[in-house]
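In: Need a 3D model of the sequence below.
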Amino acid sequence: MSIRSLLTEDVIVSEMTARDKKSALAELCDRLAEQRSDLDRARMVSVLLDRERLGSTGIGHGIAIPHGKLPEIEGLVTGFGRSREGVDFASMDDCPAHLFFVLFAPTAASRVHLDALALISRILQNPDVRSELMEASGPDNILEVIEKAEKSLE
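Out: Okay, the predicted model is just below:
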């Protein structure tokens, strides 16, 4: 599995405008729904908010990985967002989130879902990768950083 293979420039929000958790989730879902007519924006936001009620997906170091399951999809759906200002995401370290990977998986795809979450976490453990993502000039450069980071894990 490759996170880079799941992302395209058109599902990347390189300059998020949201300032709170709900707005950030909506902004990420807006972008996905714009690109995929089979995805319902309101349903995606609801699924993510339900997941957030169980505990924040803000994992610290400026990272949030909001995720959930949608029975109507057949494969993983992934998007990326960057907030230079930061969003209060009730993260484990109480710091704002700046880098967001949003992930949806089919209901029956628990293993694939967990593998994707683990890979995203491994990529973002590297402070240099986080810094490069924050400094990236736009979606194309963000994809290059992610691809390079994945290759370094091989």
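In: May I see the buried residues of the host helix or strand of Met134?
Out: Using DSSP states H and E, Met134 sits within helix 127-135. Going by neighbour count (16 or more other C-beta atoms under 10 Å), the buried part of helix 127-135 is Val129, Arg130, Glu132, Leu133. C-beta coordinates here come from the backbone N, C-alpha and C atoms, glycine included.
In: any chance of the residues you listed in CSV, with distance to Ser121 and pLDDT too?
Out: Output for the buried residues of helix 127-135, formatted as CSV (distance: C-beta to C-beta, whole Å; pLDDT from 0 to 100):
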residue, distance to Ser121, pLDDT
Val129, 11, 97
Arg130, 12, 97
Glu132, 17, 98
Leu133, 14, 98
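In: Asp93 should be in a strand, yeah?
Out: No - Asp93 sits outside any strand when classified using DSSP: H, G, I helix; E, B strand; the rest coil, being coil.
In: separation between the closest residue in space to it that isn't next to it in sequence and Ser14?
Out: Leaving aside its chain neighbours, Asp93 sits nearest to Gly60 (3.9 Å; criterion: C-beta to C-beta, 6 or more residues apart in numbering). Here Gly60 is placed at a distance of 22 Å from Ser14 (C-beta to C-beta, to the nearest Å).
In: and those two? which has more neighbours close in?
Out: Taking other C-beta atoms under 10 Å, Gly60 and Ser14 do not tie; Ser14 has more neighbours (18 against 15).
In: what's that one sitting at in phi/psi?
Out: phi -80, psi -10 (degrees, to the nearest 10).
In: For it, give me its contacts.
Out: For Ser14, the contacting residues are Gly81, Arg82, Ala136, Gly138, Pro139, Ile142, by C-beta atoms under 8 Å, 6 or more residues apart in numbering.
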